[in-house]
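Peer 1: Take a look and give me a structure for this.
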Amino acid sequence: MTPGPTAPATMPPRPEGLNARAAIMANWGLNLLEQAAQLYGGSRSEEGQEILTAVLKLRKRFGSASHDLTQQEVKLAGARATPIQTPTPQQSGAWQQMVKQRLEGMGGGGSAPAPAIPAAAA
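Peer 2: Now for the predicted structure:
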């Protein structure tokens with residue numbers, strides 16, 4: 001008895017969608033690293049230099065995203081963000097009370113009026 005015909009091997013799906021999403025996320029991460037480097041003082045600090053060196057190396061590999069990909073980053077971030085919930089009246093009151101207490105603790109709140117600013121001499 002001879003075996004019957006075999007079915008052609010199935011090809012795994014091409015990961016273009018996953019690759020596009022990975023490119024968006026990589027670009028997003030590189031943008032955040034560039035911002036972090038600037039907060040460290042850019043190339044004037046050792047930390048900033050190390051971050052920028054890594055970013056430049058990764059930009060050579062992954063490139064920069066187009067404007068369309070930047071818009072996709074925003075959509076992706078929105079999809080991953082935690083939904084905002086409207087506070088209940090109890091939460092709102094507690095929040096206002098906390099803010100009031102902190103302002104009073106800093107000397108910025110309370111019932112005393114703010115000190116008058118002296119007028120400049122003419």
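Peer 1: Roughly how far does Gln71 sit from Trp28?
Peer 2: Distance, Gln71 to Trp28, using Cβ to Cβ, to the nearest Å: 12 Å. C-betas here are computed from N, CA, C, even on glycine.
Peer 1: So which of those two has more stuff around it?
Peer 2: Trp28 (18 against 12; other Cβ atoms under 10 Å).
Peer 1: Mind telling me what element that one is part of?
Peer 2: helix 16-39 (DSSP states H and E).
Peer 1: Glu104 too?
Peer 2: Remark: Glu104 resides in helix 89-105, with elements defined by DSSP H and E.
Peer 1: Likewise for Lys60?
Peer 2: According to DSSP H and E, Lys60 maps onto helix 46-62.
Peer 1: what does that helix rub up against?
Peer 2: Under the contact criterion Cβ atoms under 8 Å, 6 or more residues apart in numbering, helix 46-62 has outside partners 23, 26-27, 30, 33-34, 36-38, 40-43.
Peer 1: same thing but 10 Å
Peer 2: 22-23, 26-27, 29-43, 45 (Cβ atoms under 10 Å, 6 or more residues apart in numbering).
Peer 1: Only the buried members of these: can you turn that into a PyMOL selection?
Peer 2: Entered in PyMOL, the line below selects the buried ones among the contacts of helix 46-62, by 16 or more other Cβ atoms under 10 Å:
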select buried, resi 26+27+30+34+37+40
